[in-house]
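Enquirer: Prediction below, plus the sequence it came from.
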Amino acid sequence: MGKNMNTRTAISDLFTREEITELTAKSDLHGMWAVFSTWAVIGGTFAAVAGFWEYLPNWGKLLLCIAALVILAGRQLALAIIMHDASHQSLFKTKWLNDIATDWLCARPIWNDLKKYRAHHLRHHSKTSTVDDPDLSLVEGFPTSKKSLMRKFFRDVSGVTGLKFALGRVLMDVEKMEWTVSNDRRWISQEGRHWTDYPKTFLKNSGGAIATNAALFSVLWAAGHPKLYALWVLAYVTPFPLLLRVRSMAEHAGMETSNSALTNTRTTKAGYLARALVAPIHVNFHKEHHLMATVPYFKLPKMHQMLLERGHVPEPPSYWQVLNELSDQAD
């Protein structure tokens, strides 16, 4: 641990060539499992609500809906993380599975675009924690007070954050705003545009999201439960922004401004609950991911263990510890 942690870390200083080759080996089978298991939980959640609904009293139906919203939001985050891994070409060994199948099965259903996300996200990796990091606004202002953090969380679960995000996505898809993950307001000149350009541009950019959500609605309709689609939308605008916020905070908030992933990125310990909600597909091993982004998700725990045993990384904190650390300022 004696090296200067503010300089960019050379992977060859941490692993042998053989270890790097083994750690970066991709697998179509593991990629398929990530996608299939995520959609299986989504389908199972809808089936559980449909199956138990008529047997429950009103309070039981309310609890069932709340549980379904939380589970669906966790799987929406999982779809986002699968897209994230595909953006690094690490999810599938086969290129069309990585780029096309993942885009339509994972990115589009949550109103995203793998190609746009990839261009944006690779800038985040090259400029992490600097003023040029396109995701910097996601983690600015930390540490903060517990009251401030609770206000942010309330905006998330009340739908305020989600509705603002949806409005921002519309503005981005009509190309009035630059496309960003963080929904930053970077306006695009509208000089020379006709009003008919806006719906055409929206359909061009949002057509995939509309088509995949229409397909999901059609499946629920064919199963006799079209109203269940409302749970998908509500999950997207209520618990989903909260889970995204916690995930973003854990990864980079309160870390040093440096060129090294060993100091500008955080790995977090994730139990079963965290893995179900804020840390799907081993995204909690984020320091390892930033050190070598081509390592597929199922190899990250092994990579972490190797770094831990060699003294390159400390024991990671839990998500609760991170939240407490980032909200310890006086009001």
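Expert: Structure received. Quick caveat: nothing in here was measured; it's all calculated off a predicted structure.
Enquirer: Report the distance from stretch 266-285 to the chain centre.
Expert: The chain centre lies 11 Å from the centre of stretch 266-285; the measure is CA atoms, centre = their mean, to the nearest Å.
Enquirer: distance between the ends of it?
Expert: 8 Å (CA to CA, to the nearest Å).
Enquirer: Of all the residues in the longest helix belonging to the chain, which ones are buried?
Expert: Longest helix in the chain by number of residues (criterion: DSSP state H): helix 58-87. Judged by neighbour count using 16 or more other CB atoms under 10 Å, the buried positions of helix 58-87 are 64, 68-87. All C-beta atoms are positioned from the backbone trio N, CA, C, and that covers glycine.
Enquirer: Now do the contacts for residue 68.
Expert: Residue 68 is in contact with 45-46, 48-49, 231, 235, counting by CB atoms under 8 Å, 6 or more residues apart in numbering.
Enquirer: swap the cut-off to 7 Å and go again
Expert: Shown in contact with residue 68 (CB atoms under 7 Å, 6 or more residues apart in numbering): 45, 49, 231.
Enquirer: hmm, back to that, please state the mean pLDDT value computed over the longest helix of the chain.
Expert: Mean pLDDT, computed over helix 58-87, is 98.
Enquirer: Tell me which helix or strand comes right after that helix.
Expert: Using DSSP states H and E, the helix or strand that follows helix 58-87 in sequence is helix 95-96.
Enquirer: I'd like the next helix or strand past that next one.
Expert: helix 102.
Enquirer: For that next one, which helices and strands make contact with it?
Expert: helix 58-87 (3 or more CB pairs under 7 Å, 6 or more residues apart in numbering; DSSP states H and E).
Enquirer: how far does the helix it packs on sit from the chain's center?
Expert: With CA atoms, centre = their mean, you get 12 Å for helix 58-87.
Enquirer: next one: stretch 136-154
Expert: Remark: stretch 136-154 is offset 18 Å from the chain centroid, using CA atoms, centre = their mean.
Enquirer: show me where pLDDT drops low in this protein?
Expert: Scanning the chain for pLDDT under 70 picks out the ranges 1-7.
Enquirer: just to revisit the earlier point, can you tell me which of the contacts of residue 68 comes closest to residue 279?
Expert: The closest of the contacts of residue 68 to residue 279 turns out to be residue 45 (CB to CB; 18.6 Å).
Enquirer: Surely the closest one is in a strand?
Expert: No - per DSSP: H, G, I helix; E, B strand; the rest coil, residue 45 lies outside any strand segment and is helix.
Enquirer: how long is stretch 310-321 end to end?
Expert: When the termini of stretch 310-321 are compared using CA to CA, they are 24 Å apart.
Enquirer: Only the buried residues of that stretch, if you could.
Expert: For stretch 310-321, a neighbour-count test (16+ other CB under 10 Å) marks 312-313, 316-317, 319 as buried.
Enquirer: swap in stretch 286-295?
Expert: Buried residues in stretch 286-295, counted by 16+ other CB under 10 Å: 286-293, 295.
Enquirer: So which of the buried residues of stretch 310-321 are in helices?
Expert: The helices, defined by DSSP H, take in residue 319 from the buried residues of stretch 310-321.
Enquirer: how about the buried residues of stretch 310-321 in a markdown table, adding distance to residue 132?
Expert: Shown next, in a markdown table, are those (distance: CB to CB, whole Å):
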| residue | distance to residue 132 |
| --- | --- |
| 312 | 26 |
| 313 | 26 |
| 316 | 27 |
| 317 | 28 |
| 319 | 28 |
